[in-house]
Every structure is written in structure tokens, then in C-alpha cells.
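[1] sequence first, predicted coordinates after that:
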Amino acid sequence: MDVLYEAHLKDLDDSAGIYSLAKLRETETTAQTPMPSYAREILEGIAEHLERIDAALATYSRAWSLHRMPEVDLAIMRVATWEILFNPDVDGPVAITAAMQLAAERSTDESPKFINGLLGTINDMREALVAQDTPKTDSDVDAEIPEPAGTPVDFDAVAKAVRDYAHQEGGVLSQIDLENLE
């Protein structure tokens, strides 16, 4: 979580940046001990699956977009989402409990409740989210953002639909008056 937070602060908040910072922290660390091997596994897994992890978080977090979430919460949820979706050795409830404990220690008073709800939904949708391994072409994709109803989620379609909607005429970004934003 600390390395993901550091990546965000250093504007290395993409797959390549997270991967390179993880590699750097293997040899150069501010901690008294080397980075544990499981921490390296988590960081490499997040770097590999960052788009899918962020798409799941964005899809099921109706109230908050990723850029509005506290950076600590986002780092915690990326770790837990990777564990829920991509690490079969970790039970979802265990990942959620650990995430809530970290949030209680390092974030806002409201964070554990928010994290519990969002990760709980992702855990409930785990089978459908994990089953979605086959990339689809644009002609195969329905641009609707999927609802949690037990159907597989096409992460690429979600990311594309969100990008398209945000930038289209009348979309979210065109509705924001950035000059008068408080």
C-alpha cells in the first residue's frame, strides 16, 4: 500500500510506473527491512492488472470516481481488489477485513465503511469479473456500463464507455465549469 501511495505522489500511477517503483523498492527502501516477497507479488500483480482493477473500482463505486477517492483508500482498495480477483490463495472476506483495518489505521473515519461496501460488491461479483478474460473488439462490445447482476464485466468496454461518456458533448467533463469550481 505504501509503494502504491508513493507511486501516486510521484505521478507514477500507471502500470509501468508502479512496476518500476516496485523494482526500485526491492533494492532501495526507506524501511529497515527489504520488501517482503508477497509485497512484490502484489505490486507486480497490480501493475499487470491495473486497468481491470481500476475499472472494477470505478464501475461499482457509484458515488466516487477514482480521482476523488483519498489516495490512501485507493491504494488500499487496489491491493484488496487484486487479492480478491487475482489471488486465489486469499479469501475475499479476509482481503476486505485487512483493507478495513488498514483504512481504520491510516485514513478517514468514513473510509472503512466505504471500503467495506465497495470491496463487498466486488467480492460478490468476483466470479463474473474473473470469468471476463477474453478481450473483445469494439464491434463485440456493448458500450453500456454493466450493473452488478451476475453477468460478466468487460473491463475494456467499461473503461471505453466511461472515457467516451466523459468526453462527449453533454458528457460529465463538458458539464463541469472548471473556472468556477470551488
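    Thanks, I have it.

[2] output the below-cut-off pLDDT ranges for the protein.
    Counting by pLDDT under 70, the chain has low-confidence residues at 29-33, 63, 133-182.

[3] check this structure for its longest helix and report it.
    Longest helix in the chain by number of residues, with DSSP state H as the criterion: helix 37-60.

[4] what's the following helix or strand after it?
    Toward the C-terminus, helix 37-60 is succeeded by helix 71-86 as the next helix or strand (DSSP states H and E).

[5] run through who's touching that next one.
    Applying C-beta atoms under 8 Å, 6 or more residues apart in numbering, the external contacts of helix 71-86 come out as 1-2, 4-5, 8-9, 42, 45-46, 49-50, 52-54, 56-57, 66, 69, 90, 92, 94-96, 98-99, 102-103, 106-108, 111, 114-115, 118-119, 122-123, 126, 129-130. The C-beta positions use only the backbone N, C-alpha and C, and glycine is treated the same way.

[6] list the buried residues of that helix.
    Within helix 71-86, the residues scored as buried using 16 or more other C-beta atoms under 10 Å are 71-86.

[7] and which of the residues you listed is nearest to D14?
    Among the buried residues of helix 71-86, R78 lies closest to D14 (C-beta to C-beta), at 12.2 Å.

[8] L24: which of the buried residues of helix 71-86 is nearest?
    A75 (16.9 Å).

[9] okay, the angle between the helix or strand that A95 is a member of and helix 71-86?
    Taking DSSP H and E as the definition, A95 sits inside helix 92-106. Relative orientation of helix 92-106 and helix 71-86, computed by axes from the mean of the first three to the mean of the last three C-alpha atoms, to 10 degrees: 170 degrees.

[10] helices and strands around helix 92-106, which ones?
    Under the contact definition 3 or more C-beta pairs under 8 Å, 6 or more residues apart in numbering; DSSP states H and E, helix 92-106 sits against helix 71-86, helix 111-124.

[11] can you put those in a markdown table and add distance to G17?
    Formatted as a markdown table, the helices and strands packed on helix 92-106 follow (distance: least, C-beta to C-beta, whole Å):
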| stretch | distance to G17 |
| --- | --- |
| helix 71-86 | 13 |
| helix 111-124 | 23 |
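
[12] so which of the ones you listed gets nearest L21?
    Proximity to L21, assessed across those by C-beta to C-beta, is greatest for helix 71-86 (12.1 Å).

[13] the closest one to helix 37-60, inter-axis angle?
    For helix 71-86 and helix 37-60, the angle between their directions (the same axes, to 10 degrees) works out to 100 degrees.

[14] helix 71-86 to helix 111-124, inter-axis angle?
    Comparing the axes of helix 71-86 and helix 111-124 via the same axes, to 10 degrees yields an angle of 20 degrees.
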